[in-house]
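Visitor: Need a 3D model of the sequence below.
(4 chains)
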There are 2 protein chains.
Amino acid sequence: MHRHISLEEIVERLREEGVRITHQRLEILREIARGEGHPSVSEVFQEVRERVPTISLDTVYRTLRKLSALDLVHPVGYSSEGIRFDADRTPHHHFLCSVCGKAYDFTCDELDRIPVPEAAYRIGQASGARIEVRGICRKCMGKEGKGND
Amino acid sequence: MHRHISLEEIVERLREEGVRITHQRLEILREIARGEGHPSVSEVFQEVRERVPTISLDTVYRTLRKLSALDLVHPVGYSSEGIRFDADRTPHHHFLCSVCGKAYDFTCDELDRIPVPEAAYRIGQASGARIEVRGICRKCMGKEGKGND
DNA sequence: TCTCAAAATAAGAATTATTCTTAACAAGTA
DNA sequence: TACTTGTTAAGAATAATTCTTATTTTGAGA
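Guide: Okay, the predicted model is just below:
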């Protein structure tokens, strides 16, 4: 169902931008390109570490920050326990649970390619638009009104 | 241009939910209801502190977390320097700069009331939908390719 | 109005996320 | 191959967020 950005695509893009292709970056990219859900920085770190045991957390941070600035991955959701990233380039949208903060993906044929609204161009150079739905996910609806603060 | 949620609205909603109305919460709500931009937790803290000098940062965190869970305010943007909140209930959308992480508001008459897509209902109980545009803001376009990592 | 249980608070310690510093290293170009 | 410059590892430093505990306060009910 999900077509994630390919390693080749990313690497080519990085070359265009003059970003060096290091061993560490390749492995991080490989992990990202697998595109499992919305990994956090430390999840990516854990995974990559198995193949590159000496990699530092800082490198993962730096790399993801760079990919994010190049619009190759996107931060998503609002857990205060660290940023999570979305590497899925299939047109899709997000449902954000206001209780647990988790982000869920969904697709919507009619709205899949929203045109970037006119007004957005006044703010800057836009690369794409998505829908963000707020609500309470099923999991959190279940435990409604229990041990919450 | 911006109509923010009124103090009365919030207080009534909190009573319905059985949330106690404390002095501290009222002052935090008052600050939020002013609705200046997208304040961070510590900005709210600083402001409220001038009127309630003994308030603790933790209380601000707890209150905002609670308001967020009740969908009265929304986290917005992705700066890793802390969550920022949006208390503007006017229909509006967000432009997120992938370089600096700042969130800009904009309105769009045609898209102002997006219906919640069918597919979202399978994930949970939705309360509303907005558009999120990604891109590079004017400010960051200016300093393109300078001292970035 | 008074009493009381449950919930909320302050204070600061503890945790966790993120960035910074510096010396060593490696990519890509000439 | 040598060089320039960007990148990395390591761990210290900083900043954000949560937790713990003793105390205070709210709101419901007598």
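
Visitor: How many neighbouring residues does the nearest residue to residue A:76 once chain neighbours are set aside have?
Guide: Setting aside the residues directly before and after it, residue A:76 is nearest to residue A:86 in space (CB to CB, 6 or more residues apart in numbering or on different chains), at 4.3 Å. Just so you know, the C-beta spots here come from the backbone N, C-alpha and C atoms, and that holds for glycine as well. Counted with other CB atoms under 10 Å in any protein chain shown, the neighbours of residue A:86 add up to 21.

Visitor: What residues does residue A:86 make contact with?
Guide: By CB atoms under 8 Å, 6 or more residues apart in numbering or on different chains, the contact set of residue A:86 is A:38, A:73, A:74, A:75, A:76, A:94, A:103, A:105.

Visitor: just those now: which is nearest DNA strand C?
Guide: residue A:75 (8.7 Å; CB to the nearest atom of the strand).

Visitor: Paired strands for the strand or helix carrying that closest one, with orientation please.
Guide: In this structure, residue A:75 sits in strand A:74-76 according to DSSP states H and E. Partner strands and pairing direction for strand A:74-76 (DSSP bridges) are strand A:84-86 (antiparallel).

Visitor: and the residue most central in space within chain A, what pLDDT?
Guide: Per CA atoms, centre = their mean, the C-alpha nearest to the average position across chain A is that of residue A:86, at 1.7 Å. Confidence at residue A:86, expressed as pLDDT, is 93.

Visitor: Residue A:14: what's it in contact with?
Guide: Residue A:14 touches A:21, A:25, A:70, counting by CB under 8 Å, 6+ apart.

Visitor: For PyMOL, write a command that selects the buried ones of the residues you listed.
Guide: In PyMOL, a selection of the buried entries from the contacts of residue A:14 looks like this (16 or more other CB atoms under 10 Å in any protein chain shown):
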select buried, chain A and resi 25+70
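
Visitor: Have a look at chain A and report its longest strand.
Guide: strand A:124-137 (DSSP state E).

Visitor: list the buried ones in the following helix or strand past that strand?
Guide: As assigned by DSSP H and E, the chain's next helix or strand after strand A:124-137 is helix A:138-142. Across helix A:138-142, burial judged by 16+ other CB under 10 Å covers residue A:140.

Visitor: how distant is helix A:138-142 from the center of its chain?
Guide: Relative to its chain's centre, helix A:138-142 lies at 24 Å (CA atoms, centre = their mean, to the nearest Å).

Visitor: Domain-wise, how is chain A divided?
Guide: A:1-88, A:91-149 (automatic domain parsing).

Visitor: Nearest residue to the closest residue to DNA strand D within chain A in space, please, no chain neighbours.
Guide: Residue nearest to DNA strand D within chain A: residue A:59 (3.3 Å; CB to the nearest atom of the strand). Take residue A:59 and drop its neighbours on the chain: the residue closest to it by CB to CB, 6+ apart is residue A:24, 5.3 Å away.
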